[in-house]
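J.: Build the 3D model from these lines:
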Amino acid sequence: MYSAIAANKRNTVIIVGLFVALIGGLAYAWGYYSGQGSSALMIIGFVAIYALIQYYAAASLAVAMSGAIEIQKSDNPRLWRVVENLAIREGMPMPKVYIIPDEAPNAFATGRDPKHAVVAATSGLLAIMDDQELEGVMAHEMGHVKNYDIRVTTIVFGLVSAIGVLADFALRMAFWSNHGSRNRSDNDNQLGLILLAIGIVGSIVAFLIGPLVSAAVSRQREYLADASGAESTRYPEGLARALQKLGQYGRPMRRASSSMAHMYISDPMKPGMVERLFSTHPPIPKRVERLLNMGGKF
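T.: Take a look at the predicted model:
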């Protein structure tokens, strides 16, 4: 289990590092060949500020988009006690607890750190899970909070957005440079071709490779949260059974949103064959297999 956690963290750092190198290379090429280096820095700065706002507003947006309702202990003692016991066991602050009025079984966690955490479960999840399975699910969600997964996904989102903005500006400049004047020098033609190449490469990264990388990072964090939840409960079989139920009884959520699909324990969209390539979740059978393999290590 610990080797899997280390591998997931290492792979995430490598992926994010490659994205930083790529966006740095595109920004350098933009500034060097266009002579507008300061504009490229302004674009990157704008995207960074936008991602920062998203980072601080993520929890509130997720709650509003899901239709979740905050509860206290008297509203649902069963769910509250499970979350409270896990928080005490892990030495974490008690997160805010929400219930989503939806028959589709699912759960999610968000928040920029353990002090500003939110965990939520659907009414459908509470209806089909026994106590051990519910504890496994909420331990998984608390694992997301403990591992600061929201920070990783926000960083990746900001990098992909920055590349997309740079690509769009490069394509626009290439277009106007090709149509701006009839008396064009060889240097102008070369600049237009270079900007066009930067725009095409950036667009491919932002609209094709970017979502693939985001999904890969999210899938790794799901495995890590599974391992963290199993470590917390010392009973991987509980989470394994819960995942099997999610696979069996799962259905699309009424207010499912692709923008927050990575937050849920199970994909709320139920995608088709093509969309599975970009899925934010690894296959449930593989997650169950990993959990059952680590069951004898506690």
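J.: CA atoms for contacts and neighbours, from now on please.
T.: Noted.
J.: can you pull out the strands in the stretch 51-200 of the chain?
T.: With DSSP state E, counting those that start in this stretch as the criterion, the stretch 51-200 of the chain has strands at 69-70, 96-100, 107-110, 118-122.
J.: Show me what the third one is in contact with.
T.: Outside strand 107-110, the residues that touch it by CA atoms under 8 Å, 6 or more residues apart in numbering are 58-59, 62, 117-122, 125, 137-138, 141-142, 144-145, 150, 263-266.
J.: For residue 76, grab phi and psi.
T.: In this entry, residue 76 is assigned phi and psi values of phi -150, psi 80 (degrees, to the nearest 10).
J.: so how far is residue 96 from residue 80?
T.: Distance, residue 80 to residue 96, by CA to CA, to the nearest Å: 10 Å.
J.: which residues of the stretch 51-200 of the chain fall in helices?
T.: Using DSSP state H, counting those that start in this stretch, the helices found in the stretch 51-200 of the chain span residues 77-90, 123-128, 131-146, 149-179, 186-204.
J.: Next SSE downstream of the last one?
T.: If I follow you right, that is helix 186-204. helix 210-233 (DSSP states H and E).
J.: Beyond that next one, next helix or strand please.
T.: Assigned by DSSP H and E, the successor of helix 210-233 is helix 236-249.
J.: what is the rounded mean pLDDT of that following helix?
T.: In this model, helix 236-249 carries a mean pLDDT of 93.
J.: the inter-axis angle of that helix versus helix 210-233?
T.: 130 degrees (axes from the mean of the first three to the mean of the last three CA atoms, to 10 degrees).
J.: For helix 236-249, C-alpha coordinates in PDB please.
T.: C-alpha atoms of helix 236-249 as PDB (Å, rounded to 0.1, in the frame of the first residue of the first chain):
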ATOM      1  CA  PRO A 236     -10.200  -2.700   3.100                       C
ATOM      2  CA  GLU A 237     -13.100  -5.100   2.600                       C
ATOM      3  CA  GLY A 238     -15.600  -2.500   3.700                       C
ATOM      4  CA  LEU A 239     -14.600  -0.100   0.900                       C
ATOM      5  CA  ALA A 240     -14.300  -2.900  -1.600                       C
ATOM      6  CA  ARG A 241     -17.900  -4.100  -0.900                       C
ATOM      7  CA  ALA A 242     -19.100  -0.500  -1.200                       C
ATOM      8  CA  LEU A 243     -17.400   0.000  -4.600                       C
ATOM      9  CA  GLN A 244     -19.000  -3.200  -5.800                       C
ATOM     10  CA  LYS A 245     -22.400  -1.900  -4.800                       C
ATOM     11  CA  LEU A 246     -21.600   1.400  -6.500                       C
ATOM     12  CA  GLY A 247     -20.800  -0.500  -9.700                       C
ATOM     13  CA  GLN A 248     -24.000  -2.600  -9.400                       C
ATOM     14  CA  TYR A 249     -26.500   0.100  -8.300                       C
END
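J.: buried set for that helix?
T.: 236, 237, 238, 239, 240, 241, 242, 243, 245, 246, 247 (16 or more other CA atoms under 10 Å).
J.: Would you agree residue 134 is in contact with residue 126?
T.: Yes. Assessed by CA atoms under 8 Å, residue 134 is found in contact with residue 126 at 7.3 Å.
J.: returning to that earlier point: just the buried residues of helix 236-249 now: which is nearest residue 253?
T.: Set against residue 253, the nearest of the buried residues of helix 236-249 by CA to CA is residue 246 (12.3 Å).
J.: Look up how far residue 126 lies from the residue nearest to the closest one when sequence neighbours are not counted.
T.: Nearest non-adjacent residue to residue 246, counting by CA to CA, 6 or more residues apart in numbering: residue 105, 6.5 Å away. Distance of residue 105 to residue 126, given as CA to CA: 8 Å.
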